[in-house]
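Q: coordinates for the following, if possible.
(chains A and B)
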Amino acid sequence: MKYVDEFRDPEKAASLVAAITALAGPLAASRGRPLHIMEVCGGHTHTIFRYGISGMLPPEIELVHGPGCPVCVLPMGQVDDCVAIAETPGVILTTFGDAMRVPGSQKSLLQAKAEGTDVRMVYSPLDALALARDNPEREVVFFGLGFETTMPSTALTLLQAEAEAIRNFSLFCNHITIVPTIKAILDSPDLHLDGFLGPGHVSMVIGAAPYGFIAEHYHRPLVVAGFEPLDILHALWLVLTQLAEGRADIENQYGRIVPPDGNAAALDAITRVFELRPFFEWRGLGSIDHSGVRIREAYARFDAERKFALPSLRVADPQSCQCGEVLKGVIKPWQCKVFGTSCTPEAPLGALMVSSEGACAAYYQYGDLEGLRTQHAVGAA
Amino acid sequence: MTKSDPPHRAPIRRQPRDGVHLAKVTLAHGGGGKAMRDLVDDVFVSVFDNAILAALEDQARISLADLALHGDRLAFTTDSYVVDPLEFPGGDIGKLAVCGTVNDLCVGGALPLYLSCSAIIEEGTDLALLRRIARSMADTAAAAGVAIVTGDTKVVGRGSCDKLFLNTAGVGVIRAGLDLGAHRAEPGDVILVNGRLGDHGAAILAARGDLRLETKVTSDCAALHTLVGCLLEACPGVKFLRDATRGGLATVLNEIAEASAVGIEIDEAATPLDPEVKGFCEILGLDPLYLANEGKIVVVVPAAHAEAAREALAAHALGRAAAIIGRVTAGPPGRVVMQTAFGGKRIVDMLVGDQLPRIC
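A: Here you go, the predicted model:
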């Protein structure tokens, strides 16, 4: 299939793996430990597992699965608020598919739907706006979440609602921004990361410049990467090449999609509609300054936070949950105390088990767990 | 006939009634009176016409001696059909209800013979639609050589069901000496499918319309009994067959691996996929291994019979794209692994729930 098969060519993969292996050996030897490369974005995690990339890499490279899955980092309190909105009489709550299963403290949206609330899955916020147009007697709320990738479409939908003077549409805004979170991870004392694969579709909107501080202040290379398996291998090779040459630069492997300065029209829509919150709560990571956005005062009439009386309670993550340590790469998913026992995709305790992009769910679904545990036991011995 | 006679077995040869002239089904059609008798006669009995149904008893009566001509064990199965939309590219709920039950019989090695048809109809359903679906059931059953010999009709209030739910039960007879089972897979056995995977799942998702994706994919809905017949004749060593319906290929492979306590390894590059379905899955972030099929079987055979099995499948119109996709291994019991076309390996587990499209 054109534009798909070219990026999944096994021969090119084999030659990239050989080049990566040649670089990784000396780099790991000089450090006396494997290299730790974090892929920030959940889409990358998905690709890595779906194509079995971890198993193709030499043991000198350990991939650390970062916090870039917006569903996984959604705190329980926000899900509770969303359920409260959905349970308000007259409301149609709309959201993306994989937000449906995220557990709140009492229930997920899927469970709320089963109990009779009107929760509908949409593929675009514009579908939610169309529902509002078609159901003028109902309040249609869009549960907006995601990084800068999905922010522009939400912002443009809100602007469209304003242009059409649609009164029965509002947004429960849970959009978050990745850069402050990467900084928080880099500031974490228990972390050893050698480099990053940067998020591709976030960068399509914001460009590569916002990552500059990672190279300048933290002296770590970051390569913005695409989502095909060859993109991942190519970007890894670029990170290792930088390390081998003693460089720490921001590079763009995903040039076919990501312009250096991002997308001006998208950024303009985001800026018109949203402003940074002082802080936002992340599941597993806690509160991070300036890591979420809210709707500006000028668009307050579309803001579900203002329209509805929300419980807005902070719900602590379960104590046994080690999502934070997994997100920061301190432990591997399968090293978590509750992994695969009291926390499974059927009954997720922690955020990372919820979405198929979550590191734990991906390990659970695609990983060779017995193999990993055996390997780890041998390594530890 | 007395008042207590079930209306759907009212005499076919009685004075013909006027039929149903209304455009929509009403609750009166479920009331057990004349309106119901008209609906049943007009919509169902007239098109399902066969001798056993025409005997007009409370139950279909089938000669044991006739059954015994075909084999030594009775196969009995039931399935309910609630597909939305009722009509979709490549089929409709009626065709699905006949093919699905015929397939559930034939993958056990049974010759499918008789079906029941139970319809639960929502008040307000179009009669024209109902007629088309009954006609589709009758045509599909005739083509598959099975007779719909008993049935029931209920009408429920608006909102109590979604337009039309069908249940079909089926009986068939298994030939003496044939023993197909999920527990029989052994390391070294080979796994085949009879064609491209995921067409039905993709066609249904697209036909629901909320994706606004245009695609030419049509459902693979088909009765597989002649294909299975050809396969078993050419390749008596076949150990197991199952139609890969809900949950797709991945689910059937996991069921085999679990039942036989073996590992299974499949090769992504050898797994047949329509490029259109592949593209559909790419756009939505779905995995075609989990998409439903309604005309695909998974076959387990000893390695020595693999090529003969593939040829037998490929010689049939419903098996042109048949392929050997993997093998049974001594790997960890219950574990299904896929060699990716990219060069890696990944585990293919059962899904927890439905596949949900990803955010970004």
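
Q: residues contacting the residue in the stretch 51-200 of chain B positioned nearest to chain A?
A: For the stretch 51-200 of chain B, the residue closest to chain A is B:Gly159, as judged by CB to the nearest CB, at 12.0 Å. Placement of C-beta: from N, CA and C, glycine included. Contacts for B:Gly159 (CB atoms under 8 Å, 6 or more residues apart in numbering or on different chains) come out as B:Glu122.

Q: for my notes, confirm it occurs in a helix.
A: No: looking at B:Gly159 with DSSP: H, G, I helix; E, B strand; the rest coil, it is coil, so not inside a helix.

Q: pLDDT at it, what is it?
A: With respect to pLDDT, B:Gly159 has a value of 91.

Q: ok, now the one 3 residues further on?
A: Confidence at B:Asp162, expressed as pLDDT, is 93.

Q: who in chain B is up against chain A?
A: B:210-212, B:275, B:278-279, B:282, B:287, B:332, B:340-347, B:349, B:352-353, B:356-360 (CB under 8 Å from any CB of the partner chain).

Q: just give the nearest non-adjacent residue to A:Pro152, would you?
A: Nearest residue to A:Pro152, sequence neighbours excluded (CB to CB, 6 or more residues apart in numbering or on different chains): A:Ala266, at 3.7 Å.

Q: what's the distance between the one you found and A:Gln106?
A: Between A:Ala266 and A:Gln106 the distance is 36 Å, computed by CB to CB, to the nearest Å.

Q: by proximity to chain B, which residue of the stretch 51-200 of chain A wins?
A: Counting by CB to the nearest CB, the stretch 51-200 of chain A gets nearest to chain B through A:Gly52 (2.4 Å).

Q: next, give phi and psi for that residue.
A: Note on A:Gly52: backbone dihedrals following degrees, to the nearest 10 are phi 70, psi 40.

Q: show me what contacts the closest residue to B:Ala315 other than its chain neighbours?
A: Nearest residue to B:Ala315, sequence neighbours excluded (CB to CB, 6+ apart): B:Cys230, at 6.8 Å. For B:Cys230, the contact set (CB under 8 Å, 6+ apart) comprises B:Ala312, B:Leu313, B:Ala315, B:His316.

Q: which one (most neighbours) among these?
A: B:Leu313 (26 neighbours; other CB atoms under 10 Å in any protein chain shown).

Q: ok, that one touching B:Val228?
A: No: judged on CB atoms under 8 Å, B:Leu313 makes no contact with B:Val228 at a distance of 9.6 Å.

Q: ranges for the strands of the stretch 151-300 of chain B?
A: B:164-174, B:190-193, B:240-243, B:263-267, B:297-301 (DSSP state E, counting those that start in this stretch).

Q: how about JSON lines for those, with mean neighbour count added?
A: Shown next, in JSON lines, are those (neighbours: other CB atoms under 10 Å in any protein chain shown):
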{"stretch": "strand B:164-174", "mean neighbour count": "22"}
{"stretch": "strand B:190-193", "mean neighbour count": "25"}
{"stretch": "strand B:240-243", "mean neighbour count": "23"}
{"stretch": "strand B:263-267", "mean neighbour count": "20"}
{"stretch": "strand B:297-301", "mean neighbour count": "27"}
